[in-house]
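> here is my input; please provide its structure:
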Amino acid sequence: MTGYFTTERHERLRQQVREFAESKVRPLIPEMENAKSVQHTLSRLIARQGWIGVTIGREYGGMGLGHLAKTIIIEELSRVSGAMGAMVQASQLGVAKIVHFGTDIQKKSWLPAIANGDCLPTIAVTEPDSGGFVLGMEATAERVGDEYLLNGRKIYIGNSHVGDVHGVVVRTGSGSKGLSAFLVESGRRGLALAPHKQAMGLHGFSFGELIFDNCRIPAANRLGAEGDGLAVAYSSSVLYGRPNLTAVSLGIHRALVEETTAYAKKRISQGRPLAEMQSIKLKLGQMQSRLMTALLAAYHAAHLLDQGQECDAELINAKLINVEYALDTARQAMEIHGAAGLFTDRPVERYLRDAFHIFAPAGTSDIQLLRLGETALGTAKGQWSQRFAAASAAPVSAGLGKALLAQVDHVHHLGRLGLDELKSRPAPGPGLQVDDADRAQRHAGPVDQRRAEVGADAELVDHRVAREPRVVADVVEHQRQPAHHHVRAPPLLLGHRPGRVVGRRDRAGTARDHGRRVEAGEVLPFLVDEVHHGQRRLGRRGQHPGEVVELRLGTVAEAELPQADGPPCGFLVGRGEHAVGVGFVHRGGLRSRGAGG
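Predicted structure coming up:
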């Protein structure tokens with residue numbers, strides 16, 4: 001059951017997490033179930049694997065792998081221990097507020113520590129009286145000079161007893177604009193923890209109460225502006241909370257199916273295994289069908305989030321389906337186990353208890369249905385996935401950088417031949433026109449230099465290669481050249497059949513041309529041309545003659561073919577005035593043409 005939007009890198013990550021969970025977590029489950037206490041040591045061990053930073057960018061020391069990778073990490077941990085899956089999801093939820101609303105200073109202060117496992121973040125919104133009704137909260141923050149004074153209580157806070165920094169949403173005024181968010185370190189005077197209370201399930205995980213009694217924090221700890229608290233709470237819940245909890249349910253669901261199937265094969269009744277009985281096969285078939293549907297919903301929603309696409313409804317639906325289906329499967333698993341499932345020597349009763357814990361957080365199933373009803377009626381309020389598309393989108397797979405370097409190695413002699421030679425060789429579009437071929441040849445360096453240059457460029461590509469065939473159409477690095485010299489790169493043929501430009505993104509994270517349709521046989525010319533002060537820019541010719549849509553250097557264009565076995569797509573790898581190579585991407589990988597082809 002692999003291949004739902006996952007790459008080889010995702011599957012390697014899955015294997016890594018699974019091996020860790022089986023060797024480090026599973027042996028501790030009996031102790032966790034007996035003690036029912038918070039697992040401080042195991043929580044820290046998991047954090048040190050770097051998985052809390054899976055959606056944190058590499059510039060802050062994170063993995064930078066995106067939400068689908070996050071889903072896989074939580075799923076695999078939850079398959080073994082729902083408690084530890086919940087621990088990871090709660091701290092990854094705590095990452096959201098800093099990624100979305102943190103200042104540069106806050107990001108530099110907290111994200112590297114979170115990424116390397118030295119800091120576990122939380123988010124604290126729910127209160128005893130208002131519950132999940134965010135606008136009904138009563139905890140307050142009063143501005144006193146350069147500080148805020150916090151008072152009130154927060155309950156059901158994931159990782160309450162292991163968290164190092166809490167993202168707290170409290171009231172600073174009236175109405176929906178009267179909520180603000182703050183970062184509160186766990187050691188702050190005036191912040192206390194209520195004693196850990198044992199719960200029905202998720203033994204080893206803490207979701208307790210924070211008590212603020214004249215807790216002073218500097219104004220610099222505020223996230224965003226005053227009044228951004230509602231946005232902090234809702235965006236974190238929709239973009240991180242729901243998919244994270246979806247992943248916990250998915251992991252428990254997978255464990256239920258695996259455990260029950262194994263039991264049905266081994267349990268002998270009336271002289272034959274339970275698995276050979278038609279009534280049992282029907283139940284197992286229902287369980288398997290639910291698991292496959294739940295997995296598809298979870299991965300699809302996370303994939304869209306990684307793509308920077310609008311997907312609030314998909315995230316809501318994935319949480320609804322995964323929670324409800326996991327509970328339905330847990331009931332049938334108990335039916336198949338019969339009385340044997342009631343005893344703690346089998347894990348199925350633990351899976352049932354843990355599954356119920358995922359029902360209420362980030363909204364019960366009724367809340368999800370209400371939101372989906374609003375989607376159907378066209379009355380849904382905004383799209384958090386659209387607002388934070390740049391922050392949610394995952395970077396390109398590291399495998400792409402290697403592919404680019406391989407392409408450079410294949411055409412490295414371009415530096416000796418010069419661009420004039422390239423014009424005489426086959427290419428997917430018109431050849432390069434160079435005003436000064438001699439100058440171009442002098443600028444083309446040796447292969448080691450070219451490898452270093454394009455290797456750096458590959459790190460700048462800000463898009464995902466989630467499934468082949470997807471194409472990186474252009475990688476260009478900033479380079480200053482004399483004002484009189486310019487080069488025109490060949491048009492890039494993105495597909496011979498109708499497709500869709502998934503998106504372009506500049507270094508500042510600005511989305512460009514998102515969702516633009518590519519008609520059959522359409523050619524998108526990319527121009528590299530001289531502008532003021534010798535600064536080179538990348539542009540796309542517009543729909544009207546002479547119109548150029550500006551794109552910053554270091555952008556990426558990508559085309560999605562309608563069929564997996566469709567025709568190849570052209571791409572260009574360039575740096576400054578040089579075209580390093582022109583080639584095709586097939587389903588099997590990169591194949592070069594042009595220089596060295």
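> can you tell me the SS state at Gly152?
strand (DSSP: H, G, I helix; E, B strand; the rest coil).
> I'd say it and Thr140 touch.
Yes - assessed by Cβ atoms under 8 Å, Gly152 is found in contact with Thr140 at 6.0 Å. C-beta: built from backbone N, CA, C; applies to glycine.
> between these two, which contacts overlap?
Val170 (Cβ atoms under 8 Å, 6 or more residues apart in numbering).
> which of the two has more residues huddled nearby?
Gly152 (20 against 17; other Cβ atoms under 10 Å).
> list the contacts for the more buried one?
127, 137-140, 170, 212 are the contacts of Gly152 under Cβ under 8 Å, 6+ apart.
> how close does the closest residue to Glu335 other than its chain neighbours sit to Ser269?
Distance criterion Cβ to Cβ, 6 or more residues apart in numbering; nearest residue to Glu335, sequence neighbours excluded, is Lys283 at 6.8 Å. Per Cβ to Cβ, to the nearest Å, Lys283 is found 14 Å from Ser269.
> quick one, which of these two is more surrounded?
Neighbours per residue, other Cβ under 10 Å: of Lys283 and Ser269, the larger number sits with Lys283, 19 against 12.
> that one belongs to a helix?
Yes - the assignment for Lys283 (three-state DSSP) places it in a helix.
> isn't it right up against Ile336?
Yes - between Lys283 and Ile336 there is a contact under Cβ under 8 Å: 5.9 Å.
> one step back: adding distance to Ala360 and secondary structure, write the contacts of Gly152 out as TSV.
Converted to TSV, the contacts of Gly152 look like this (distance: Cβ to Cβ, whole Å; DSSP: H, G, I helix; E, B strand; the rest coil):
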residue	distance to Ala360	secondary structure
Glu127	14	strand
Met137	17	coil
Glu138	20	coil
Ala139	20	coil
Thr140	25	strand
Val170	22	strand
Phe212	23	strand
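> spell out the secondary structure type for Ala225.
Reduced to three states by three-state DSSP, Ala225 is coil.
> scratch that, Arg353
Per three-state DSSP, Arg353 ends up helix.
> check which helix or strand the spatially closest residue to it that is not a sequence neighbour maps to.
Spatially, and ignoring its direct neighbours in sequence, Arg353 is nearest to Gly201 (3.3 Å; Cβ to Cβ, 6+ apart). Per DSSP states H and E, Gly201 falls between elements, in no helix or strand.
> mind listing the helices for the stretch 151-300 of the chain?
With helices called from DSSP state H, counting those that start in this stretch, the stretch 151-300 of the chain shows them at 229-236, 242-266, 278-306.
> would you mind saying which of the ones you listed lies nearest Lys197?
Evaluated over the helices of the stretch 151-300 of the chain, closeness to Lys197 peaks at helix 242-266, with 20.0 Å, by Cβ to Cβ.
> averaged pLDDT, that closest one. What do you get?
For helix 242-266, mean pLDDT rounds to 98.
> what do you get for stretch 393-403?
Averaging pLDDT along stretch 393-403 yields 49.
> what's the answer for stretch 75-93, then?
The model assigns stretch 75-93 a mean pLDDT of 97.
> measure the closest residue to Asn214 other than its chain neighbours to Ile211 for me?
Spatially, and ignoring its direct neighbours in sequence, Asn214 is nearest to Gly190 (5.0 Å; Cβ to Cβ, 6+ apart). To Ile211, Gly190 is 9 Å away according to Cβ to Cβ.
> ok, now Ala326?
Counting by Cβ to Cβ, the gap from Ala326 to Ile211 is 33 Å.
> of these two, who's got more company?
Higher neighbour count among Ala326 and Ile211: Ala326, with 32 against 16, using other Cβ under 10 Å.
> show me the contacts for that one.
Ala326 makes contacts with 249-250, 252-253, 256, 294, 355, 358, as judged by Cβ under 8 Å, 6+ apart.
> farthest pair in the residues you listed?
Farthest-apart pair in those is Leu256 and Ile358; separation 12.9 Å (Cβ to Cβ).
> thought Leu202 was touching Asp354?
Yes - assessed by Cβ under 8 Å, Leu202 is found in contact with Asp354 at 5.5 Å.
> shared neighbours, these two?
Taking Cβ under 8 Å, 6+ apart as the criterion, Leu202 and Asp354 both touch 82-83.
> how does this structure divide into domains?
Domain assignment of the chain by automatic domain parsing yields the ranges 231-392, 398-593.
> which of these has the lowest average pLDDT?
Among the domains of the chain, domain 398-593 scores lowest, at a mean of 34.
> show me the contacts for the residue lying closest to Met334 once chain neighbours are set aside.
Leaving aside its chain neighbours, Met334 sits nearest to Gly341 (4.7 Å; criterion: Cβ to Cβ, 6+ apart). Each residue near Gly341 by Cβ under 8 Å, 6+ apart is listed here: 333-334, 348-349.
> farthest-separated two in the residues you listed?
Maximum distance among the contacts of Gly341 (Cβ to Cβ): 9.4 Å, for Ala333 and Glu349.
> which SS class is Asp129?
Once three-state DSSP is applied, Asp129 turns out coil.
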